[in-house]
Structure formats: C-alpha cells, structure tokens
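K.L.:
Below: sequence and its predicted model.
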Amino acid sequence: MKFALQLGYWGAQPPTNHADLVVAADKAGFDTVFTAEAWGSDAFTPLAWFGSLTENIRLSTAVVQLSARTPTATAMSAMTLDHLSGGRFCLGLGVSGPQVVEGWYGQPFAKPLARTREYIDIIRKVLRREAPVTSEGPAYQLPYQGPDASGFGKPLKSIVHPLREDVPIWLGAEGPKNVALAAEIADGWLGFLASPHTAHEFNSWLDEGFARPGARRTREDFEVAFLCQLHITDDRAAVLDAYRPMTALYAGGMGAEEKNFHAEAFRRMGFSDDVDRITELFRAGRKDEAAAAVPDEMIEATAIIGDEPEVREQIAEWEAAGITMLVVTARTVEQIEQIGRLID
C-alpha cells in the first residue's frame, strides 16, 4: 500500500505548516503529495514551492478543476512543473460541480463526461508534441472558429519540449460513469467519499472502463487512490466527533440541494435516510444538529481509526478491495511520522 498526503485547499489564510508536513512526508517515504482548489487558492502554485523543498515525493493536483483553465493552459502548467521537479509531477483532474463551474468560473456545466474526454485528449496531444495541436470541439476548438473569430488563429505546437510525454493523469470521480471513464482514458482514479465496503460496486465500474476498446490501462498498472481519514488513536470516539461537522457539510451542505454529488456518494453507501435528515437540518441553518445526526458508521465508511494493530488490519482490508494508495490528511509533523511507521 502506498501513502499520500492530501493538503487540500487554503482556508481564509494560507496554512503555516504545510511545507513542514510535505518535507516530513518526503522523509517518511510517502509516495505523493496532493493539493486542491475550490474558489480560493489554486492547486498548481503550492506544488512548485513544495517541489523545491523535497527530493522524492511525487507532486500532484487533486484536483485541478477543468473549467478553471483551457486544456492547453493546464498542459503548460503540467510541463513546467514536471521539468522543475525532475519528472515528479502528476495531474489530477476533476469536473467540480455546477455551483462552482457556473457560479465561479462562468462556464457551462453541460456534458461533463464528453468535456473530460476532450480535455484529456488535448493535453496528451500537447505533451506528445507530434504536430500542431488541433481540436474540432465541441467544447474546445483549436483553432477557435466561432462566429467572432478573427480568422488569424493557427494550430501551434508547444515551444517547450516536455520532460516526459506521458505525465500521469488521474481523474477525480464519484459516480459510476465517471469512474468507468477514468479506467478507460486515465492512469488512475482519485476516489473521494468512496469506501472499500462498496468494492463490488466500484470494481464493476472500473472493469467496465478497462473493457472498453482502446482502454489506456489494465487493473495491474492503474492507480486507485482513496482519500481516507486515517488516525492511530486510543480515543476513537473523539476522532469520530471531530469529523461529524465536515461529514455533515459534504452530505448536506455542498453544492445545490438538488445537485449534491457528495450526497449521492453517501447514498450509494447505504446512508440515504441519514443524508435526508442531515440535509434538512443543514439547509435550515441548524449545523450543530446536522453534525450530531451523522452516525458513526457514516464516518467509518471512509476512515481508518484505531490503535496501530487495528489500523494495520483495516489497511489490509482496503488493499484487498483493490485500493493501491491511501490519501491521508495530517495536522502535525508528528502525525506524519506516526503514519510513516505504517509504510513497509
């Protein structure tokens, strides 16, 4: 089992200890560090900073939102960071949701699967650098040919030669169609609010993608990275209580009430009635009650909590489910070192 550190996105102010955490994770043998973005800090810039402080750990976004940048702009960032890091960069992509895509980026959310396929295809064309890049669309036209086009656009090939033509691309996905698409066209799946308890379900989605004509990978060389709240502790109850507010936010407060992909993920795990109640309370502004309504089992579905022998036993269960990388969070260097002792 590989381990990765998820730093997430910034809150109201920049975190003060993320560099220390990344350096500690590099020394402890973590495979990857992930950065995120929502509608504040971006995912690429911190990786450039952390890359200058580390030697071995891979640097990845989890995730870059497609609508934030054109595919060629994302490819430029990927090439740049891959060169600066000596080939340690990986690109984690995701479509986000309509609230962010249309509300923050001012872009249409329609047809996310088709847009994802087209987006990745253009990035790979840029990285291969075989010919000037063209795309007929419909989401991304290269050159642009809309009614207001100048007519002077022409296909271009990157000035920079990529360090690697095959930078790994991982796709953040929650629903069955997105997961199958990841298995078909990407190098890995970034699972969020996913649980080994539903392995039969998500493995069937992956198998569907692997079986498609022209699939890029097989299960043997495909990364399955799951975000996991891992805590080595003797006070299980305190850890569960600490995660209730965040679980309530994702289950009941993210996105629009009619379109919350995270809520659907919890429903697929068997928590439909709990999601309904949490959503009702959260949307009514009763956030403390919403958090209190989160059952232990809902948190435990995507977490590993216990003393060290119990944690090792649970890690083996996640590995048996087909998960190749545990993506964990940590607040202190001591927590990083404690998790590092689990790395064989």
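P.N.:
Right, received. Where do you want to start?

K.L.:
residues in contact with stretch 76-83?
P.N.:
Stretch 76-83 has contacts (C-beta atoms under 8 Å, 6 or more residues apart in numbering) with 44, 47-48, 51, 59, 69, 88-89, 91, 123, 126-127, 158, 160, 162-164, 167. The way it works is simple: take the backbone N, C-alpha and C, and place the C-beta from them, glycine included.

K.L.:
go again using 7 Å as the cut-off
P.N.:
Residues outside stretch 76-83 that contact it (C-beta atoms under 7 Å, 6 or more residues apart in numbering) are 44, 47-48, 51, 59, 89, 91, 123, 127, 158, 160, 162-164, 167.

K.L.:
Same question for stretch 214-221.
P.N.:
Residues outside stretch 214-221 that contact it (C-beta under 7 Å, 6+ apart) are 183-187, 206, 209-210.

K.L.:
A strand includes residue 330, no?
P.N.:
No. Applying DSSP: H, G, I helix; E, B strand; the rest coil, one finds residue 330 to be coil, outside a strand.

K.L.:
Which residues are in contact with it?
P.N.:
Contact analysis of residue 330 by C-beta under 7 Å, 6+ apart lists 5, 21, 336, 339.

K.L.:
Would you mind naming the helix or strand containing residue 9?
P.N.:
Counting by DSSP states H and E, no helix or strand carries residue 9.

K.L.:
so it sits right up against residue 44, yeah?
P.N.:
No. Between residue 9 and residue 44 there is no contact under C-beta atoms under 7 Å: 12.0 Å.

K.L.:
Counting neighbours, what do you get for the closest residue to residue 100 other than its chain neighbours?
P.N.:
Among residues not flanking residue 100 along the chain, residue 39 sits closest, at 6.1 Å (C-beta to C-beta, 6 or more residues apart in numbering). For residue 39, the count of nearby residues is 13 (other C-beta atoms under 10 Å).

K.L.:
now swap in residue 53 and tell me
P.N.:
Neighbour count for residue 53, taken as other C-beta under 10 Å: 12.

K.L.:
wait, what's in contact with the residue lying closest to residue 189 once chain neighbours are set aside?
P.N.:
What sits nearest to residue 189 in space, not counting adjacent residues and going by C-beta to C-beta, 6+ apart, is residue 182, at 4.3 Å. Applying C-beta under 7 Å, 6+ apart, we find residue 182 in contact with 171, 173, 189, 209.

K.L.:
before we move on, what about residue 326?
P.N.:
The neighbours of residue 326, taking C-beta under 7 Å, 6+ apart as the test, are 1, 3, 226, 228, 230, 315, 318.

K.L.:
For it, what are phi and psi?
P.N.:
The phi/psi pair for residue 326 (degrees, to the nearest 10) reads phi -100, psi 120.

K.L.:
give me the beta-bridge partners of it?
P.N.:
Taking DSSP bridges as the rule, residue 326 bridges to residue 3, residue 226.

K.L.:
Repeat that for residue 141.
P.N.:
residue 136.

K.L.:
Just the strands from the stretch 1-150 of the chain, written as ranges.
P.N.:
Assigned by DSSP state E, counting those that start in this stretch, the strands in the stretch 1-150 of the chain fall at 2-6, 32-35, 58-61, 64-65, 89-94, 135-136, 141-142.

K.L.:
Between the ones you listed, which one is closest to residue 243.
P.N.:
Among the strands of the stretch 1-150 of the chain, the nearest to residue 243 by C-beta to C-beta is strand 2-6 (14.3 Å).

K.L.:
can you give me the offset of that closest one from its chain's centre?
P.N.:
12 Å (C-alpha atoms, centre = their mean, to the nearest Å).

K.L.:
who touches that strand?
P.N.:
Applying C-beta under 7 Å, 6+ apart, the external contacts of strand 2-6 come out as 21-22, 25, 30-34, 62, 225, 227, 324-330, 339, 343.

K.L.:
Can you name the next helix or strand after the helix or strand of the chain with the lowest mean pLDDT?
P.N.:
Of the helices and strands making up the chain, the lowest-confidence element is helix 261-268, at a mean of 88, by mean pLDDT, DSSP states H and E. Sequence-wise, the next helix or strand downstream of helix 261-268 (DSSP H and E) is helix 272-283.

K.L.:
So which elements touch that next one?
P.N.:
Helices and strands touching helix 272-283, by 3 or more C-beta pairs under 7 Å, 6 or more residues apart in numbering; DSSP states H and E, are helix 236-252, helix 261-268, helix 287-292.

K.L.:
Check which residues of that helix are buried.
P.N.:
Buried residues in helix 272-283, counted by 16 or more other C-beta atoms under 10 Å: 274-275, 277-279, 281-282.

K.L.:
Format these as CSV; extra columns: distance to residue 195.
P.N.:
Formatted as CSV, these follow (distance: C-beta to C-beta, whole Å):
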residue, distance to residue 195
274, 14
275, 14
277, 20
278, 17
279, 19
281, 23
282, 21
